[in-house]
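1. Got a sequence here, can you model it:
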Amino acid sequence: MKNLILAGGVLLATTLVVVLALTRPIGQSAQSGPTVTIGVTLITPTATMGATPSPQPTVSAKVHILEELRQAVAVYEQSVQAEKKNGSVELGKDPVSGAEVFHFKDESYNRIVDLNEKLNDKINQLDELYAQIYRGELNPTPFPTLASAEENKAFYEARLAESGDKLCSLAAWQQDPGAETLKVYDPDQGDYRTVYIGETLARCDVFGQMLEEFRIAPVLAKVNKEADAAMIRRVTGKNDLTLTFQAIRSQANAPGREAAMYTDETGCKYYVDADSGRLAQIEPNFPTHPDIPADKVKSVDELRGVARQFALTNSARLTELEPVLTYEEGGKTLIYFFTWTYRARDWSGTDWVMMPPFLQVGVLANGQVLTYINTLDLYQ
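-> Sure, this is the predicted structure:
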């Protein structure tokens, strides 16, 4: 069963080209012959030039997606049964239900796991497309903006509970007489799991998407994307950096704070605190063991100086608080971390009790600043 993820982000519009590409039966290539056009009449070419084709019933995009899902699962099941017959398999019984289970071994297991992962990717892709079409057809009214932040919060929390209880719980899905399901072999469980598709899943997904949009709307109104981009370029020293706004994200290291997340062309993520407009985090997309030539490696003293200068330049509080902060440093392969943490203050009764505010700079051995987290400037 697919878990609901109440995550931000506005859905991309579904185009006819995407629908046609994604709904082609598995293994079928584009070729001449009968043509299905989504949302209009099914036309079958005739052998006689000039003859008027007979109109056929309209075939909806959602019907094609469901058929694509069924075909994908059927093809996967054929591979499972073929591997069960000819490969390395261990038969057994479920200790609770007594039903037959079978576990693949060695290369058979690797082959089925690979096919299972590809099937799951396809199912998720088609589920998302189905939800987009569902939302476009339903055209639901956005959640209202109420008179106060307190009313908005109460409305959000009430609808969140409603979503879980009435739309997105397993019990609700099992009680839905119109729920469409597929059985998919799970190589780790050795048995078949139930996958929900179609309207039942789409209702849950769309409700969650709209609820998240309602939640982040006030936060998004504070975001100045041009100012954020200019600040990121200034901090990183990359004036030509291409940045793309992705979503509003809760900050894991700063409870109760929201950030606008941007990415550059390398996949590096930048989080800008929505309230203060300060850069809160740089999360790089980097290899575990970066390749740094020996002649480019700097001493720890040099790296410490780089980290300290970067921290002082980008923190409004570090200079004032440094005498009471706990300082730590350490290396991991060719990456070194320098951290200032505000542990001296009693954070009891606050959201910061589990993780006091801190500032950390990660520097590669060649002196390049790689990671940055600053919650020291975010507490009230």
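2. Output the below-cut-off pLDDT ranges for this protein.
-> Residues of the chain that meet the criterion pLDDT under 70 lie in 1-59, 138-146, 149, 156, 159-165, 286-290.
3. Tell me which stretches of it form strands.
-> With strands called from DSSP state E, the chain shows them at 89-93, 100-104, 180-186, 191-197, 244-250, 258-263, 269-273, 279-283, 326-332, 335-341, 358-364, 369-374.
4. Which of these sits closest to residue 75?
-> Of all these, strand 180-186 sits nearest to residue 75, with 11.7 Å by C-beta to C-beta. (C-beta placed from N, C-alpha, C; glycine too.)
5. so what does that closest one touch, helix or strand wise?
-> helix 61-86, helix 106-138, strand 191-197 (3 or more C-beta pairs under 8 Å, 6 or more residues apart in numbering; DSSP states H and E).
6. Hey, what's the angle from the longest one to strand 100-104? Just curious.
-> What it means is helix 106-138. 110 degrees (axes from the mean of the first three to the mean of the last three C-alpha atoms, to 10 degrees).
7. May I see the buried residues of helix 106-138?
-> Burial within helix 106-138, assessed by neighbour count using 16 or more other C-beta atoms under 10 Å, is assigned to 108-109, 111-112, 115-116, 119, 122-123, 126-127, 129-135.
8. One more: the shortest one?
-> Judged by neighbour count (16+ other C-beta under 10 Å), strand 191-197 contains these buried residues: 191, 195-197.
9. on that earlier part again, make a markdown table from the strands of the chain and add distance to residue 231 to it.
-> A markdown table is the format used below for the strands of the chain (distance: least, C-beta to C-beta, whole Å):
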| stretch | distance to residue 231 |
| --- | --- |
| strand 89-93 | 58 |
| strand 100-104 | 52 |
| strand 180-186 | 46 |
| strand 191-197 | 43 |
| strand 244-250 | 13 |
| strand 258-263 | 10 |
| strand 269-273 | 7 |
| strand 279-283 | 6 |
| strand 326-332 | 26 |
| strand 335-341 | 21 |
| strand 358-364 | 17 |
| strand 369-374 | 13 |
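10. wait, which of those is closest to residue 205?
-> Comparing those under C-beta to C-beta, the one sitting nearest is strand 191-197, at 10.6 Å.
11. between that closest one and helix 106-138, how big is the angle?
-> Going by the same axes, to 10 degrees, strand 191-197 makes 20 degrees with helix 106-138.
12. Mind giving me the packing neighbours of strand 191-197?
-> When contacts are defined as 3+ C-beta pairs under 8 Å, 6+ apart, strand 191-197 packs onto helix 61-86, helix 106-138, strand 180-186.
13. Tabulate the ones you listed (TSV), appending distance to residue 223.
-> Compiled in TSV, the helices and strands packed on strand 191-197 are given as follows (distance: least, C-beta to C-beta, whole Å):
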stretch	distance to residue 223
helix 61-86	33
helix 106-138	24
strand 180-186	39
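14. Quick one: closest of the ones you listed to residue 100.
-> Smallest distance to residue 100 across the helices and strands packed on strand 191-197 (C-beta to C-beta): 10.9 Å, for helix 61-86.
15. thinking again about what came up before, just so I know, which of the helices and strands packed on strand 191-197 lies nearest residue 366?
-> helix 106-138 (36.2 Å).
16. Mind giving me the packing neighbours of that closest one?
-> helix 16-22, helix 61-86, strand 100-104, strand 180-186, strand 191-197, helix 199-220.
17. what's the offset of the fifth one from the middle of its chain?
-> It refers to strand 191-197. From the chain centre to the centre of strand 191-197 is a distance of 22 Å (C-alpha atoms, centre = their mean, to the nearest Å).
18. Now do the buried residues in stretch 207-215.
-> 207-215.
19. right, and out of those residues, which lies closest to residue 92?
-> When those are compared against residue 92 (criterion: C-beta to C-beta), the nearest one is residue 208, at 37.6 Å.
20. of all the buried residues of strand 191-197, which comes closest to residue 368?
-> Distances from residue 368 to these, taken by C-beta to C-beta, are shortest for residue 195, at 44.8 Å.
21. Surely that closest one and residue 186 touch.
-> No. No contact is recorded between residue 195 and residue 186 when judged using C-beta atoms under 8 Å, the distance being 10.0 Å.
22. how many other residues sit next to the spatially closest residue to residue 285 that is not a sequence neighbour?
-> Of all residues not flanking residue 285 in the chain, residue 267 sits nearest, at 3.4 Å (C-beta to C-beta, 6 or more residues apart in numbering). By other C-beta atoms under 10 Å, 10 other residues sit near residue 267.
23. Would you check how far apart residue 267 and residue 324 are?
-> 37 Å (C-beta to C-beta, to the nearest Å).
24. And stretch 295-310, what's buried?
-> For stretch 295-310, the neighbour count (16+ other C-beta under 10 Å) marks 298, 303-304, 306-308, 310 as buried.
25. Dump those residues to CSV, plus distance to residue 355.
-> As requested, those are arranged in CSV below (distance: C-beta to C-beta, whole Å):
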residue, distance to residue 355
298, 30
303, 25
304, 24
306, 25
307, 20
308, 22
310, 22
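26. who's in contact with the closest residue to residue 192 other than its chain neighbours?
-> The shortest distance from residue 192 to any non-neighbouring residue, by C-beta to C-beta, 6+ apart, is to residue 183 (4.4 Å). Contacts for residue 183 (C-beta atoms under 8 Å, 6 or more residues apart in numbering) come out as 73, 192-195.
27. Just send those residues back as CSV, with distance to residue 245 too.
-> Compiled in CSV, the contacts of residue 183 are given as follows (distance: C-beta to C-beta, whole Å):
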residue, distance to residue 245
73, 36
192, 41
193, 36
194, 37
195, 33
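28. returning to what we had before: from the buried residues of strand 191-197, which single one is nearest residue 251?
-> residue 196 (32.3 Å).
29. right, and the closest one touches residue 169 too?
-> No. Assessed by C-beta under 8 Å, residue 196 is found out of contact with residue 169, at 11.5 Å.
30. What about residue 285, how many residues nearby?
-> Other residues close to residue 285 by other C-beta under 10 Å number 10.
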